[in-house]
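I'd like to go over a predicted model; first the sequence, then the structure.
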Amino acid sequence: MSLFSKFFGKKNPLDIPLSKLKESQIKLDYQIQKIENEMASIDAEIAALFERAKKARSKSEELTIATKIKTLNQRKKNLQKTHAQLNKQLMLISNLTIIKENEAILKGTPTWELLRNMSPEELEKHLTEMQLDAQTFNENLNQMLGITDQTIGAGVEFEEDEELAEIMQAIHAVKEGELEPDEAAGKVTGEEREKKEEKEIVEEL
């Protein structure tokens, strides 16, 4: 079942009222913000556990804390996957909204006929891959329709590398003063790696 069918039934996506699209967009924005807040809360909780681990008096106490951190980190990874899917849906709805806002201009053009003749599944695929902007819509839509091998927020994979051994190692680093709790939390949740990748991308530009 396509996303359009799930949200709007069997109606042709191009016949979905603009008001319904904007309503869906608001709901998706809210869900995404809620998940981002929950992930930030998990990061803070993991940092607090590392702070607590500094005072751990036994291996078993360290292991208990490490297990809690692992559980929280798994929860965050699940949230990240949901976050990616919601962003994919938002991209889809946002692009269709831009097309609907320009419907009067498009009607009667070959581009409109091309869009109308697509199956809901094919149209959904194109709309998910497009990076439309309301201001550059007219110049870019035809070119965007030719892009079919681009992925936006789809198929995001998260490495299953948050083993207890790595967390325990971070706990010991915190206890020995080699890492601050916030740094350890970033290390085990992947935030540190993401910041490094972002820095590398900026340096390449």
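Received, thanks. Numbers count the residues shown, from 1 in each chain.

Show me the shaky parts of the chain.
1-9, 133-163, 191-205 (pLDDT under 70).

Mind doing that once more with 50?
Counting by pLDDT under 50, the chain has low-confidence residues at 147-162, 201-202, 205.

centroid residue for it?
The residue lying closest to the centre of the chain (Cα atoms, centre = their mean) is A84, at 2.6 Å.

give me the element it is part of.
Assigned by DSSP states H and E, A84 belongs to helix 59-101.

So M130 sits against T97, correct?
No. If you go by Cβ atoms under 8 Å, M130 and T97 don't touch, sitting 11.9 Å apart. Placement of C-beta: from N, CA and C, glycine included.

These two: who's more crowded?
The neighbour comparison of M130 against T97 (other Cβ atoms under 10 Å) goes to M130, with 23 against 20.

how near is the more buried one to E124?
Computed as Cβ to Cβ, to the nearest Å, the M130 to E124 distance reads 11 Å.

Ok, Y30 next?
Y30 sits 22 Å away from E124, going by Cβ to Cβ.

Look at the two and report which has more neighbours.
Per other Cβ under 10 Å, whichever of Y30 and E124 has more neighbours is E124, with 18 against 10.
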